[in-house]
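Student: Mind looking at a prediction? Sequence and model below.
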Amino acid sequence: MSAAERFLQRLTARRADDPSWVAARRQAGAARFEAMGFPTRRDEHWKYTDVRRIAEGDFALASDVAFDAASFDALRLEIDAHRLVFVDGQFSATLSDLDALPTGVSVEPLSQAMVANHEAVGGSLGRLAGVDFSPFTALNTAFADEGAIIRLSAGTVVDKPIYLLMLSRAGSQPVMSHPRVLVEAGARTEATIIEHYAGEPEAANFTNVVTEVMLDRGAIIDHYKLQEAALTDLHVASIHVDQGRDSHFNSYNMNLGGALVRTDLVTDLNAEGAEAAYNGLFFVQGRQHVDNHTLVNHNAPRTFSNENYKGVLDDRSRGVFNGKVFVKKDAQQIEAYQNNANLLLSDRAEIDTKPELVIYADDVKCSHGATTGQLDEDAVYALRSRGIDEPMARALLTLAFVGEVMDKVRLNVIAERVERAVAGRLPERFNLADLVETAEAIQEA
């Protein structure tokens, strides 16, 4: 029995009362996944990432949503938001808070939408992330029975973030979950959406999430993906974005946790004036492995994209960055910029980086680049001469390195969470903002 067949045996545990359109999608996803099987390092898009830890795992399906209240309070972001909480992929009404949703905003668990057999869900789900994209999107299509459906009516501005918290528990047997997130932003809407992945320290589960975001004319979406799962968790994510005229999609992809992490981020700029900004950070240590694959398709003229990913790698960790910008023949007068910079804190850490431009138009402004280096020892010495010990000096310079990305983050609660992970908990006598400013000034000198 192949690894794919063994995974699909779990499908027998799915609900027998699925609507016909859901059952058909499951069957299509299962058939495609079985045909493709798990990717191997012989596959070009997976040449640096070995998924055998997933393929060889024995993952059950979660059956309850119990979660310790103290652990929940410690893990969640302290933010005023419309909140949906999922425990091992299962919706928890008790931990969620969807009171007082404004007019024009619909937020509901995917399970409720599927039971109601909403035609709008059936028509949109899978339109951007089909079963052919990767074995993992096919697997998600086969298993997905929970997630979030977010709809914004034209002209709606959401004043509070929509917060999706995905919690992972440490249990006697690892479990797998396949959340599906669908966002439909009508014309001239504005919203902030947070996907937050966290869990108990000993959790060793497999999360395979697919997110689809559709922006109508003039829509503005800030999308945060904060991944700080346990260092034994396995995490695969696919994010697919479709943008209409004059829409803006701002991605903040922050990877701090997980043993094996792979994220695919794909955006299609389909009409004039569409803009996409990718802001990414991965901070890995120990034996963590984090793989980021990004793709921006400039399908229309006068579109704009700007991508900036920073990697910080310590111990024996490994990072992968493969960013691609594709400009179609008729996509004239576009601008596309891409940069990946990496900081190695250990001589055993490893980074594989490959920025790409594929251009079939002649009236464009495009650039890409990648750099890899270590901390400047002169800058370390300069900070130490100001009375800061060496570990703190190195932590502050590391913060200065990621500052270009962190300055773009508009939510302080997320910026502070990332800064604490990168620099550690500073003694109270230090003023974090002042020291970061000092470190940046020294590094620029």
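Tutor: All right, it came through fine. Numbers count the residues shown, from 1 in each chain.
Student: Per-residue confidence, the residue of the chain most remote from its centre, what does it come out as?
Tutor: Relative to the C-alpha centroid of the chain, counting by C-alpha atoms, centre = their mean, Ser385 is the outermost residue, at 39.3 Å. If you check Ser385, the pLDDT there is 87.
Student: same deal with Gly123?
Tutor: The confidence metric pLDDT takes the value 79 at Gly123.
Student: What is the burial count for it?
Tutor: Here the count is done by other C-beta atoms under 10 Å, and Gly123 has 10 residues near it. For every residue, glycine as well, the C-beta is placed using N, CA and C.
Student: Where does it fall, secondary structure wise?
Tutor: Element membership of Gly123, judged by DSSP states H and E, is helix 119-124.
Student: Next SSE downstream of that helix?
Tutor: Proceeding N to C from helix 119-124, the next assigned helix or strand is helix 135-143, under DSSP H and E.
Student: List every C-alpha atom in that next one, with coordinates, as CSV.
Tutor: Listed in CSV are the C-alpha atoms of helix 135-143, where the atom choice follows Å, rounded to 0.1, in the frame of the first residue of the first chain:
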residue,chain,number,x,y,z
PRO,A,135,-0.5,16.9,-4.1
PHE,A,136,-1.2,18.8,-0.9
THR,A,137,-4.0,20.9,-2.4
ALA,A,138,-5.5,17.7,-3.7
LEU,A,139,-5.2,16.1,-0.3
ASN,A,140,-6.8,19.2,1.3
THR,A,141,-9.7,19.0,-1.2
ALA,A,142,-10.3,15.4,-0.2
PHE,A,143,-10.4,15.9,3.5
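Student: tell me which residues of that helix are tucked away?
Tutor: Buried residues in helix 135-143, counting neighbours by 16 or more other C-beta atoms under 10 Å, are found at Pro135, Phe136, Thr137, Ala138, Leu139, Asn140, Thr141, Ala142, Phe143.
Student: residue contacts, the fourth one?
Tutor: Applying C-beta atoms under 8 Å, 6 or more residues apart in numbering to Ala138 gives the contacts Gly29, Ala30, Arg32, Phe33, Met36, Val131, Asp132.
Student: packing partners for whatever helix or strand Leu396 lives in?
Tutor: Using DSSP H and E, the element containing Leu396 is helix 390-406. Applying 3 or more C-beta pairs under 8 Å, 6 or more residues apart in numbering; DSSP states H and E, we find helix 390-406 packed against strand 275-284, strand 304-313, strand 334-344, helix 377-384, helix 412-423, helix 432-444.
Student: could you dump the ones you listed to a markdown table with mean neighbour count?
Tutor: Compiled in a markdown table, those are given as follows (neighbours: other C-beta atoms under 10 Å):
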| stretch | mean neighbour count |
| --- | --- |
| strand 275-284 | 23 |
| strand 304-313 | 22 |
| strand 334-344 | 21 |
| helix 377-384 | 16 |
| helix 412-423 | 18 |
| helix 432-444 | 16 |
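Student: Can you pull out the low-pLDDT segments for the stretch 51-200 of the chain?
Tutor: Confidence mapping of the stretch 51-200 of the chain against pLDDT under 70 gives the ranges 117-120.
Student: what residues go with each domain of the protein?
Tutor: Using automatic domain parsing, the domain ranges for the chain come out as 3-271, 377-445.
Student: Out of those domains, indicate the one that is most buried.
Tutor: Ranked by mean neighbour count, those are led by domain 3-271 with a mean of 19 (mean count of other C-beta atoms under 10 Å).
Student: if I look at Glu34, how far off is Asp363?
Tutor: Distance from Glu34 to Asp363, counting by C-beta to C-beta, to the nearest Å: 46 Å.
Student: And the pLDDT for the residue nearest the centre of the chain?
Tutor: The chain has Lys225 as the residue nearest its centroid, 4.2 Å off, counting by C-alpha atoms, centre = their mean. The pLDDT attached to Lys225 in the predicted structure is 98.
Student: Pretty sure it sits in a strand.
Tutor: Yes - following the definition DSSP: H, G, I helix; E, B strand; the rest coil, Lys225 is counted among the residues of a strand.
Student: what's across from it in the sheet?
Tutor: When bridges are taken as DSSP bridges, the partners of Lys225 come out as Glu195, Asn253.
Student: for Leu234, same thing?
Tutor: Following DSSP bridges, Leu234 is listed with bridge partners Phe206, Leu260.
Student: let's number from 6 now, not from 1
Tutor: With the count now opening at 6, the last piece we talked about shows up as Leu239.
Student: residues contacting it?
Tutor: Residues in contact with Leu239, defined by C-beta under 8 Å, 6+ apart, are Arg58, Ile59, Gly62, Ala209, Asn210, Phe211, Thr212, Gly263, Ala264, Leu265, Val266.
Student: ok, now Val427?
Tutor: Phe288, Val317, Ala400, Thr403, Leu404, Val407.
Student: Kindly recompute the last result at 10 Å.
Tutor: Under the criterion of C-beta atoms under 10 Å, 6 or more residues apart in numbering, the contact partners of Val427 comprise Leu261, Leu286, Phe288, Val317, Ala400, Leu401, Thr403, Leu404, Phe406, Val407, Met411.
Student: before we move on, what about Asn258?
Tutor: The neighbours of Asn258, taking C-beta under 10 Å, 6+ apart as the test, are 200, 228-232, 242, 244, 268, 270, 283-287, 297, 299, 314, 410.
Student: pLDDT score assigned to the residue lying closest to Val414 once chain neighbours are set aside?
Tutor: Counting by C-beta to C-beta, 6 or more residues apart in numbering, the nearest residue to Val414 once its immediate chain neighbours are dropped is Ala420, at 4.5 Å. Per-residue confidence for Ala420 comes out at a pLDDT of 93.
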